[in-house]
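**Student:** Could you look at this predicted model? Sequence included:
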Amino acid sequence: MSRAIDIRNAQKGMRLKELAESVGLRESLRDFGRVLLISCYEMGHQPLGAAAAMGALRAAGLAPDALDLAVDDFDEEKVRRARFIGISAPMHTALRLGAQAAARIRSLNPDCHICFFGLYASLNAEYLLREAADSCIGGNYEGPLVALVEALDRGSGGAIADVQRAGSIAAPSLNRPPSAAPQRDLLPPLDRYAQLDDNGVLRTAGYVEASRGCLHLCRHCPIPSVYGGRYFVAPREIVLEDVRRQAAAGAKHITFGDPDFLNGPQHSIRIVEEMHQEFPELTFDCTIKIEHVVERPALFPRLRAAGCVFVVSAVESLSEHVLTILDKGHTRADVLEAIEILSDAGIAIRPTWVPFTPWTTLADYLDLFSFIDERDLVDHVDPAQYTIRLLLPPGSLLIEHEAMRPYLGALDQAVFSYSWTHPDPRMDRLQRDAADLIEEAAESGEDPAETFYRLWRLAAAIGNRPVPHRTPRARKRVPRLTEPWFC
């Protein structure tokens, strides 16, 4: 660390210590709005990160306010009033937007304590603590977040010193989350977020999680870097109470955002069957690994009977070579079997992909389009999925993998990712051109099927490959959320 950074951190520590020891801060942190929770993006859903933090802080006797910059304007009055601002960082996009918000917050309210919390907070703590934040909390953040705010409220100098050391509070918290129901009353209403589109009929959607962490160690996923294969169930009654509150607020559909809904199959099945008994008209979707679909085919008729309309599954690739490097735990044959299992149960599959990796060839990319087309899955995949490029955040399990080393570039901390270069320059150009095509198609409102074939033709032209002419078929308008999935 340079001398300039040492001086800056020392000055920051002095400012925080003076702030914490002032009577005004100790009194004001329990007043409404002195703690402000900010969300920037949660895949189009009403933000659970802010809602869970709100519940934990209220249970401790605090009165936080909330601001969701994904749908609301930046509220300078709320920011100026706050003395502690927690910025939720559950994913990469949210972190990038949150870092931009933090710079604006610091200019408006330089004495405010800024804390990033969530999955990507601890992965990027080194940069955030140097450039944007006073503290970072990863993993199960509720307990440490409450402890930090209470310590600041008491004027605890020792706690302030702990926050300044990234190795303490900035390390992921893997204690069991507290049993406090998420609080959503200060967040924008559900109808301002993504909705379920069921063959043209729009239904208000809510969002819950029945678990955190994951038992699996897929190398491209950021979750193992924080949770290390650990998995935490949310208390069943807390999840159901969150569903009840969102149903009362107008939800007709619920997304279960667990990294994998069948990490704890009996826990998950019990929740959705009780939910269905109480709210028989409520539908839901969830995320399940291909290997879990193949291992437990008998569960899917039960999920369908409980209201499941689609399952998201991170297929990522059809290349056996790529799947092995990513340690996905499934094969191409498993993908075919999983599609059949879900189809037989009356559940649509919505696969997600990482089609641009250092090991994906042009032939692999073209094979993906053939696979989707031949199995009539065009309407099952949001076009943006065909442009996703492998993301390598700090701590990624791929960083030290021998297959990654020849292509790995430097860490660009400002964008929270390592760079990498494809050995075939055509693939890097194709990814950029595909992203431009998707952006233009989205702006024009183009039919996703037309976008699919345009992307296929774009890739085929590079390899001088023909795109088969398909006779128009009846479309399978499968259920989907109105905002595409992004990480």
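**Tutor:** Nice, I can see it. Residues are numbered from 1 along each chain as shown.
**Student:** Name the residue closest to the centre of the protein, please.
**Tutor:** In the chain, the centroid-proximal residue (Cα atoms, centre = their mean) is residue 91; its distance is 4.3 Å.
**Student:** so how far is residue 70 from that residue?
**Tutor:** 12 Å (Cβ to Cβ, to the nearest Å). Every residue, glycine included, has its C-beta placed from N, CA and C.
**Student:** go on, residue 292?
**Tutor:** From residue 292 to residue 70 the distance is 30 Å (Cβ to Cβ).
**Student:** do residue 200 as well
**Tutor:** For residue 200 relative to residue 70 (Cβ to Cβ), the value is 25 Å.
**Student:** Residue 244 now?
**Tutor:** Counting by Cβ to Cβ - residue 244 and residue 70 are separated by 24 Å.
**Student:** what is the rounded mean pLDDT of stretch 184-199?
**Tutor:** Averaged over stretch 184-199, pLDDT sits at 96.
**Student:** thinking residue 484 is in contact with residue 387, fair?
**Tutor:** No - counting by Cβ atoms under 8 Å, residue 484 does not reach residue 387; the two are 10.6 Å apart.
**Student:** low-confidence ranges in the protein?
**Tutor:** 1-28, 156-171, 469-473, 485-487 (pLDDT under 70).
**Student:** in stretch 96-104, what counts as buried?
**Tutor:** Neighbour-count burial for stretch 96-104 flags 96-99, 101-102 (criterion: 16 or more other Cβ atoms under 10 Å).
**Student:** per-domain residue ranges of the chain.
**Tutor:** Following automatic domain parsing, the chain resolves into domains at 3-173, 190-481.
**Student:** Give me the distance between the first one and the centre of its chain.
**Tutor:** By that I understand domain 3-173. 19 Å (Cα atoms, centre = their mean, to the nearest Å).
**Student:** For residue 286, give me its contacts.
**Tutor:** 255-256, 258, 261, 268, 303, 308, 311-312 (Cβ atoms under 8 Å, 6 or more residues apart in numbering).
**Student:** what does residue 352 give?
**Tutor:** Counting by Cβ under 8 Å, 6+ apart, residue 352 has contacts 312-316, 385, 388, 485.
**Student:** So it belongs to a helix, correct?
**Tutor:** No - the assignment for residue 352 (DSSP: H, G, I helix; E, B strand; the rest coil) gives strand, which keeps it out of a helix.
**Student:** what are the bridge partners for it, then?
**Tutor:** Beta bridges link residue 352 to residue 314 when assigned by DSSP bridges.
**Student:** list the contacts for the nearest residue to residue 174 once chain neighbours are set aside?
**Tutor:** Spatial nearest neighbour of residue 174, excluding adjacent residues (Cβ to Cβ, 6 or more residues apart in numbering): residue 139 at 5.2 Å. Counting by Cβ under 8 Å, 6+ apart, residue 139 makes contact with 119, 122, 172-174, 226-227.
**Student:** go on, residue 89?
**Tutor:** Neighbours of residue 89 in contact, by Cβ under 8 Å, 6+ apart: 49, 95, 98, 116-121, 124.
**Student:** cutoff 10 Å now
**Tutor:** By Cβ atoms under 10 Å, 6 or more residues apart in numbering, the residues touching residue 89 are 39-41, 49, 95-99, 116-124, 128, 133, 136-138, 141, 416.
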